[in-house]
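Peer 1: I'll drop the sequence and a predicted model, then ask my questions.
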Amino acid sequence: MDSIRDMDSSNSENASSLISSISNNGSTSLATSSNSSTSSSRYENQKRRDWNTFGQYLKNHRPPLSLSRCSGAHVLEFLRYLDQFGKTKVHTPICPFYGHPNPPAPCPCPLRQAWGSLDALIGRLRAAFEENGGKPEANPFGARAVRLYLREVRDLQSKARGISYEKKKRKRPPAQQIPTLPLPPQPGAS
């Protein structure tokens, strides 16, 4: 838990960093000088950037909010804030192209963050929270309200595009057959 408090105080080091853009896959990026090693994986680098972005969001929150007091409601507020940087057209039910995967003409429907991007972002932030000393049971990124919000966004975007999101089926290894041994002869049987 100390490292979570450290994050609250270390945000002053990131004061000059502002959210500059949201990349095509919906992940956040920061305009900061990079002091991390190049040996980190792309996932780890993105997770660190997302974590720093969320920390900056909390710092800029009015009133400023410490991570230890952050709840699922604050995470939802953050996700809604990110929508303004979205690049996915989400048709409203009154739009003539609602339910069409490839609309033939432009429309005034809003651009939003894609469900898959939000889902991946929450997964990275959930992992980062625990890696930075947070307790799994106190993880605001795993809150029920966040899961319900993501499901609602997925369903809304699915209907707006006319394409359903199918849950990926896990590939199961082929069942190993246990060789059967011949039964020993029973006494008195011929």
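Peer 2: Great, that's in hand.
Peer 1: Would you map the strands across this protein?
Peer 2: Per DSSP state E, the chain carries strands over the ranges 19-22, 28-30, 88-89, 111-112.
Peer 1: Distance check, residue 52 against residue 137.
Peer 2: 24 Å (C-beta to C-beta, to the nearest Å). Just so you know, the C-beta spots here come from the backbone N, C-alpha and C atoms, and that holds for glycine as well.
Peer 1: Who has more neighbours out of the two?
Peer 2: Using other C-beta atoms under 10 Å as the criterion, residue 52 and residue 137 rank with residue 52 on top: 21 against 6.
Peer 1: so where's the chain uncertain?
Peer 2: Applying pLDDT under 70 to the chain flags the ranges 1-39, 162-169, 173-182, 188-190.
Peer 1: now the helices: where do they sit in it?
Peer 2: Assigned by DSSP state H, the helices in the chain fall at 2-10, 42-60, 72-82, 115-131, 144-161.
Peer 1: Which neighbouring elements make contact with the second one?
Peer 2: Put plainly, it is helix 42-60. Applying 3 or more C-beta pairs under 8 Å, 6 or more residues apart in numbering; DSSP states H and E, one finds that helix 42-60 contacts helix 2-10, strand 19-22, strand 28-30, helix 72-82, helix 115-131.
Peer 1: I'd like to know how many residues surround residue 151.
Peer 2: Using other C-beta under 10 Å, residue 151 has 12 neighbouring residues.
Peer 1: And it, how far from residue 115?
Peer 2: Residue 151 is 9 Å from residue 115, where distance means C-beta to C-beta.
Peer 1: pretty sure residue 88 is touching residue 111, no?
Peer 2: Yes - if you go by C-beta atoms under 8 Å, residue 88 and residue 111 touch, sitting 6.4 Å apart.
Peer 1: more neighbours, those two?
Peer 2: Neighbours per residue (other C-beta under 10 Å) separate residue 88 from residue 111, with residue 88 holding more: 18 against 13.
Peer 1: what sits against the more buried one?
Peer 2: Contact analysis of residue 88 by C-beta atoms under 8 Å, 6 or more residues apart in numbering lists 26, 111, 112, 113, 114, 157.
Peer 1: and the residues you listed, which are buried?
Peer 2: Among these, those classed as buried by neighbour count (16 or more other C-beta atoms under 10 Å) are 26, 112, 113, 114, 157.
Peer 1: for the residues you listed, which one is nearest residue 64?
Peer 2: residue 113 (24.3 Å; C-beta to C-beta).
Peer 1: got the contact list for stretch 142-162?
Peer 2: 71-73, 75-76, 79, 88, 90-92, 98-101, 109, 112, 114-115, 118-119, 122, 126, 136, 140, 164-165.
Peer 1: Only the buried residues of it, if you could.
Peer 2: Neighbour counts over stretch 142-162 (16+ other C-beta under 10 Å) mark 142, 143, 146, 149, 150, 153, 154, 156, 157, 160, 161 as buried.
Peer 1: Fine by me, we can end here.
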